[in-house]
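*Asks:* Here's my sequence, what's the structure:
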Amino acid sequence: MEQINEKNFNFYNRIGLDTFQALAKDGGFSTFVDLEIAYRYIQPTENIAEIGAGYGRCIDFLLAKKHQGKIIAVEQSPKLCEHLRAVYSSTIKIVEGDIYKVSFDHQIDAALWMWSGMIDFSVEEQAAVIKHIHELLTQKGKLFIDIPRIGIKTIADHIDQQRIKLTTDFGEIECYIPLSSEVKEYADAAGFTRVDEINYETATDKKRTMYILMK
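*Replies:* Just a heads-up that it's a prediction; the model follows:
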């Protein structure tokens, strides 16, 4: 299995919080437009896990919504986990590690894989993570995946419409943007019974696609 996520690890462990937040603002994610869309499908009492919690953007949104269910933040970077523990440890559970290797004490109702987190993984890794998340979800669980709209230019260098590379002072990351058909193939192979697809734009006119995979 090609380990793109492992190659990208140093980027996320080196990036500073200020830079991370600036990237969110530049991308139009500081207004939580993506999370507002996802939350239409989530009940206030459902238990939620966020994959790649970063600096806590999704956590801030859920706490502002006064979400009543349990919130679990999964993050691989030790530095980002240190920040999450310092800010949120009294209100949520923080799990340090790769999502396709972690397990929880109980099944979750919803998993949030937002802000292009999926594309940091290779095709094989994407399929494996989706299958693993399916096993972590309750009987009617949902997985939310948010990625750049296929065929739309991003801030990265495009090798083709699916493979992109971003070079920064913090390192280089390689990404793979799956086609809609590929996401649906992943979902079917994992055991999901339905996939909804929503196209939207962020506050800075970035064109995005959100997939909602349902058991």
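*Asks:* Flag the shaky bits of this structure, pLDDT-wise.
*Replies:* The chain contains residues with pLDDT under 70 at 1-4.
*Asks:* Stretch 178-190: which residues count as buried?
*Replies:* In terms of neighbour count (16 or more other Cβ atoms under 10 Å), stretch 178-190 has its buried residues at 178, 182, 183, 184, 186, 187, 190. Every C-beta, even on glycine, is put in place using the N, C-alpha and C of the backbone.
*Asks:* What count of nearby residues applies to the spatially closest residue to residue 214 that is not a sequence neighbour?
*Replies:* Spatial nearest neighbour of residue 214, chain neighbours left out: residue 194 (4.4 Å); criterion: Cβ to Cβ, 6 or more residues apart in numbering. A count of nearby residues for residue 194, using other Cβ atoms under 10 Å, gives 11.
*Asks:* How about residue 103?
*Replies:* 9.
*Asks:* Any chance you could list what contacts the longest helix seen in the chain?
*Replies:* Longest helix in the chain by number of residues, with DSSP state H as the criterion: helix 123-136. By Cβ atoms under 8 Å, 6 or more residues apart in numbering, the residues outside helix 123-136 that reach it are 1-5, 49, 51, 99-100, 103-104, 107-108, 111, 113, 118, 121, 141, 143, 176, 178, 182, 185-187, 189-192, 213, 215.
*Asks:* ok, of those, which come out buried?
*Replies:* When those are checked for burial by 16+ other Cβ under 10 Å, the buried set is 4-5, 49, 51, 99-100, 108, 111, 113, 118, 121, 141, 143, 176, 178, 182, 186-187, 190, 192, 213, 215.
*Asks:* hang on, the earlier thing: looking at the contacts of helix 123-136, which are in helices?
*Replies:* Among the contacts of helix 123-136, the ones falling in helices (DSSP H) are 4, 5, 182, 185, 186, 187, 189, 190.
*Asks:* now the residue nearest to the second one when sequence neighbours are not counted: how far from residue 76?
*Replies:* I take that to be residue 5. Counting by Cβ to Cβ, 6+ apart, residue 121 is the residue found nearest to residue 5 once chain neighbours are left out, at 4.8 Å. With the distance defined as Cβ to Cβ, to the nearest Å, residue 121 ends up 11 Å from residue 76.
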